[in-house]
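Participant: test case, fold it:
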Amino acid sequence: MGLLKSFSHRLLFRWCHFTEIVTEPLPDKCIIALAPHTSNWDFIIGNLYSRAKGFHCDFLMKKEWFFFPMGIFMRRLGGIPVYRSKQMKSTDLIAERAKEAKQFRLCITPEGTRKAQPDWKKGFYYIALKAQIPILLYGLDFAERKIVCTKTIFPNGDIEAQMQEIKEYYADFKGLHPEQFIVHNS
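Facilitator: Model prediction:
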């Protein structure tokens, strides 16, 4: 086990007392949907997890995090800046990148923000649909200190039904700030 992998494993599972329940295999190409996203700690835990398990995973993050010199560090970790104000057809570009790559793993938080948001972003679904890759549903439960992945979604184009299925999967997970996680409209 490499030094970084060993350190990340020890930090996440021994010192931070997280456990994992992961029954889904990790394919070479996939979208990893990670929820709930209620704190910047989600990013840290997710990064520690991928390093502890020995796999690389890119991630989308708002462009404001890519200022100099932080941008160099974020890109090195796998960060891809998101320019929310521009119409860039990002889902098409990322789906093409996924199709062409030998290995492609992209972690996205479906809510798109750390604030309470019942209307989840659908870009992750469209990327997976266009690239014909699965979506692994990873839940981060701070109340029980668990990282869980027991479901994979294969996008079929019925976005409303499958988004509902995805939201139901995450309904019982507790983020670090549970009041900031909403699955359904009130």
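
Participant: tell me how far the ends of stretch 166-175 are from each other?
Facilitator: Chord length of stretch 166-175, first to last residue, is 16 Å (CA to CA, to the nearest Å).

Participant: show me the strands in the chain, by range?
Facilitator: With DSSP state E applied, the chain shows strands at 19-22, 29-35, 58-62, 79-82, 104-108, 135-141, 146-153, listed in chain order.

Participant: who touches stretch 45-60?
Facilitator: 1-2, 4-5, 8-9, 11-13, 16, 18, 20, 26, 32, 34, 43, 77-80, 82, 103-108, 138, 140, 147 (CB atoms under 8 Å, 6 or more residues apart in numbering). No exception for glycine: its C-beta is placed from N, CA and C like everyone else's.

Participant: of the residues you listed, buried ones?
Facilitator: Buried positions within the contacts of stretch 45-60, assessed by neighbour count (16 or more other CB atoms under 10 Å), are 8-9, 12-13, 18, 32, 34, 43, 77-80, 82, 104-108, 138, 140, 147.

Participant: ranges for the helices of this protein?
Facilitator: Counting by DSSP state H, one finds helices in the chain at the ranges 3-9, 41-53, 70-77, 90-100, 123-131, 159-170.

Participant: what comes up buried for the longest one?
Facilitator: Of the residues in helix 41-53, those buried under the neighbour-count criterion (16+ other CB under 10 Å) are Asp42, Phe43, Ile45, Gly46, Asn47, Leu48, Tyr49, Ser50, Arg51, Ala52, Lys53.
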